[in-house]
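>>> the sequence and its predicted three-dimensional model are supplied below.
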Amino acid sequence: MSAARPGAQLKAVLDTNVYVSAFHSMRGAPFELWRSAIRRKYLLLVSPAIIGELASVLRADLAWPEEEIVAQLKLVVRVASMVQPTFTLEVIARDRDDDRILECAVAGKADLIVSGDRHLTRLKTFQSIAIVRPADFLRMMQH
């Protein structure tokens, strides 16, 4: 894992599945991580592509009403620091949306990526950025 600079706040990118889990249930590691981001315990990084994928999942897969989607996405944008990747990666052939997570992390110089997706977690690291499961990140923050 790339170490956070001394005195600097840890920077993390949450995969879409972590947001969906956090918004679906107010229990478990994803929700605690979302709450920690709101409380500024770490710097949450997000990109337009991640916001777009999250909107699509909330709309198509979870059938959220449009006004709730808009309100939740506005909150994510307020809590997070927006990153605008200027490059495209092609690393995860089976799920190109995972490449958008990697792009955000690299462009934002993230310390870690938090995901429950095996395509990402199987990598373990990408360009010195650790890829961890939500429960592992939560444990790290509690120490």
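The structure has been received and is ready for your questions.

>>> where do the helices of the protein begin and end?
16-24, 29-38, 48-56, 66-79, 96-107, 118-121, 134-141 (DSSP state H).

>>> same list (the ones you listed) but as a markdown table, adding distance to E90.
C-betas here are computed from N, CA, C, even on glycine. A markdown table is the format used below for these (distance: least, CB to CB, whole Å):
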| stretch | distance to E90 |
| --- | --- |
| helix 16-24 | 18 |
| helix 29-38 | 27 |
| helix 48-56 | 14 |
| helix 66-79 | 26 |
| helix 96-107 | 6 |
| helix 118-121 | 13 |
| helix 134-141 | 26 |
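
>>> by contact count, what packs against the lowest-mean-pLDDT helix or strand in the chain?
Ranking every helix and strand in the chain by mean pLDDT, DSSP states H and E puts helix 118-121 at the bottom, with a mean of 87. On a contact count with 3 or more CB pairs under 8 Å, 6 or more residues apart in numbering; DSSP states H and E, helix 118-121 meets helix 96-107, strand 129-132.

>>> how deep is L43 tucked in, by neighbour count?
Look at L43: counted by other CB atoms under 10 Å, it has 18 neighbours.

>>> for S47, see how far away the spatially most central residue of the chain is.
For the chain, the residue nearest the mean C-alpha position is L14 (1.2 Å; CA atoms, centre = their mean). The gap separating L14 from S47 is 11 Å, by CB to CB, to the nearest Å.
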